[in-house]
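*Asks:* Could you work out the structure for the sequence below:
(2 chains)
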Amino acid sequence: EADIYQTPRYLVIGTGKKITLECSQTMGHDKMYWYQQDPGMELHLIHYSYGVNSTEKGDLSSESTVSRIRTEHFPLTLESARPSHTSQYLCASSEGLAGGSDTQYFGPGTRLTVL
Amino acid sequence: QKEVEQNSGPLSVPEGAIASLNCTYSDRVSQSFFWYRQYSGKSPELIMSIYSNGDKEDGRFTAQLNKASQYVSLLIRDSQPSDSATYLCAVYMGRRALTFGSGTRLQVQP
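*Replies:* Take a look at the predicted model:
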């Protein structure tokens, strides 16, 4: 089972501020993911990474950006927060195994509110 | 049509009963299947995975897979109020990430 951490857990911020949501995992997983989820709604993949220096956009268009300079760290940045960015952001990781047995483990999430 | 379909519920069962959660998927070459539980306001947590046709049991949980029918289910025996949550079906279709269903909300009535 993965140990995956997200900070902050809750963030309330004003419009126009730059924010970075942190995600770290200690299991050496190659693949990491960011999902966005509104209350009671589906998970939407917004970014993913296969490894260091590899990042791709997901299924849902997002104004956020990500970086993967170290295996264990996958931060998400919003350059200028807007009320439409209010949501829960979930980070996940997996070993990146071939053959389909690639279980994803989730961090506790960051609940972002932009006023 | 969504690639992973679940009935949104709520599915309401009395305490002690068997809860049956169902999921269908569109891609025949899907390789592995996962059930996650998500409590309100929390992140998804893995319950179990299944890769081969048939049943897989883990405590009160049984996952059932039928690849010919493109169907996977989760049975929860002796349902408890603490089982009340949204259950997400996820399928690995050989892509960049798991494909998640929209979830079924389960309510266990005391």
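*Asks:* And the residue of chain B that's closest to chain A?
*Replies:* B:Gln31 (2.9 Å; C-beta to the nearest C-beta). Glycine gets a C-beta too; all of them are placed from N, C-alpha and C.
*Asks:* Quick one, grab the pLDDT at the closest residue to A:Gly16 other than its chain neighbours.
*Replies:* Nearest residue to A:Gly16, sequence neighbours excluded (C-beta to C-beta, 6 or more residues apart in numbering or on different chains): A:Ser80, at 5.4 Å. Looking at A:Ser80, its pLDDT is 94.
*Asks:* Quick check on A:Ser80: phi, psi?
*Replies:* phi -150, psi 100 (degrees, to the nearest 10).
*Asks:* give the contact list for it.
*Replies:* By C-beta atoms under 8 Å, 6 or more residues apart in numbering or on different chains, the residues touching A:Ser80 are A:15-18.
*Asks:* which one of these has the most neighbours?
*Replies:* A:Lys17 (14 neighbours; other C-beta atoms under 10 Å in any protein chain shown).
*Asks:* residues contacting that residue?
*Replies:* Neighbours of A:Lys17 in contact, by C-beta under 8 Å, 6+ apart: A:80-81.
*Asks:* ok, it to A:Ala81 distance?
*Replies:* Distance of A:Lys17 to A:Ala81, computed by C-beta to C-beta, to the nearest Å: 5 Å.
*Asks:* go on, A:Ser49?
*Replies:* From A:Ser49 across to A:Ala81, the span is 22 Å (C-beta to C-beta).
*Asks:* In chain A, which residue is most central in space?
*Replies:* A:Trp34 (2.8 Å; C-alpha atoms, centre = their mean).
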